[in-house]
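Q: Sequence and predicted model, in that order:
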Amino acid sequence: MTLWIDFWDRPNAIYADQRNLEAHFDRITQDLMPHLPSGGTVLDFGCGEALGAGAMARACGQVLLFDGAPSVRRKLAARLGGQPRVRVLDEAALAAQPAGSVDLVTVVSVLQYIAKDDLPGLLARWRDLLAPGGRLMLADVVATGTPMLRDVRSQLEFAARHGFLMAALGGIVRMALSDYRRVRQQVGFSTYTPGELSAVLERSGFTVERLPANIGPTPHRFTLVGRPA
Ligand SMILES: C[S@@+](CC[C@H](N)C(=O)[O-])C[C@H]1O[C@@H](n2cnc3c(N)ncnc32)[C@H](O)[C@@H]1O
């Protein structure tokens, strides 16, 4: 496991409280809805707690969830085990997923935890999984040069709108004291300009479109959609 996956495998203070977690996934689910392939299969790579998986599965045909952290997968399997249109994949099940079997791969708020050198290999795998006409969505990408204060302000504005401002203030202090910063300094945090990420996608055989608005609650991040060229 990489140090980042190891981080996500432990309890962490990323979400201030349950209200934060629910508002976060509500927003992502709402934003994703217009992009879901009717009757199709979505692979949510780096899905986290995936609170919107049930709603997404009802809107398309099937949702496959994969997260690199084993504890996240166990939690998902316990919560979603009974849902026929949602499957939680482990590494082996993901590797066994047939080529051309997925209509949309979503990767939301995950690229920052993947070393830049590892991205082309993943892009090739996602491309292979896509059915003809399929799409890859790289969402909530952290733009190079984003000051940390911008993320903090955006989180506080979101918290104020959704009634968890006090919890968010406490969460920011807990985050500052957590090992997130240490891991970030140790293994890095991958950020991209939209042009740089588009070029990586194009070199991996995708045509690229930037969505007018980001997917998720952080408006200053960005989302690209790739289609196999
Ligand atoms: C910030 S959370 C995003 C969760 C969800 N997609 C969302 O938007 O709320 C990042 C997730 O990516 C997962 N992750 C990080 N690196 C990964 C990798 N290399 N492969 C698969 N999952 C990874 C972590 O375990 C974590 O659950």
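A: Alright, I've got the coordinates.

Q: Around the ligand, pick out the residues from the protein.
A: 4-5, 8, 24, 28, 46-48, 67-69, 72, 108-110, 113-114, 140 (C-beta under 6 Å from any ligand atom). To be clear about C-beta, it is placed using only N, CA and C from the backbone, and glycine gets the same treatment.

Q: Just give me how far the longest strand along the chain sits from the chain centre.
A: Ranked by residue count, the top strand of the chain under DSSP state E comes out as strand 130-141. Remark: strand 130-141 is offset 12 Å from the chain centroid, using C-alpha atoms, centre = their mean, to the nearest Å.

Q: List the contacts of the helix or strand that comes right after it.
A: Downstream of strand 130-141, the first helix or strand assigned by DSSP states H and E is helix 148-162. Contact with helix 148-162 is made by 16, 19-20, 23, 27, 165, 167-169, 171-172, 217-220, as judged by C-beta atoms under 8 Å, 6 or more residues apart in numbering.

Q: Tell me which stretches of the protein form strands.
A: 41-45, 62-66, 86-89, 102-108, 130-141, 206-210, 222-228.

Q: Please work out the average pLDDT along the second one.
A: With pLDDT averaged residue by residue, strand 62-66 scores 98.

Q: partners of it, with directions?
A: strand 41-45 (parallel), strand 86-89 (parallel) (DSSP bridges).

Q: wait, isn't residue 61 in contact with residue 40?
A: Yes. Under the criterion of C-beta atoms under 8 Å, residue 61 makes contact with residue 40 at 5.4 Å.

Q: per-residue pLDDT, the spatially most central residue of the chain?
A: The residue lying closest to the centre of the chain (C-alpha atoms, centre = their mean) is residue 108, at 2.1 Å. Residue 108 is assigned 98 on the pLDDT scale.

Q: residues near the residue nearest to it when sequence neighbours are not counted, how many?
A: With sequence-adjacent residues excluded and distances taken as C-beta to C-beta, 6 or more residues apart in numbering, residue 108 is closest to residue 139, at 4.4 Å. The number of residues packed near residue 139 is 23, by other C-beta atoms under 10 Å.

Q: got a list of what the closest residue to residue 144 other than its chain neighbours touches?
A: Nearest residue to residue 144 in three dimensions, chain neighbours excluded: residue 191, at 4.3 Å (C-beta to C-beta, 6+ apart). Taking C-beta under 8 Å, 6+ apart, we find residue 191 in contact with 112, 141-146.
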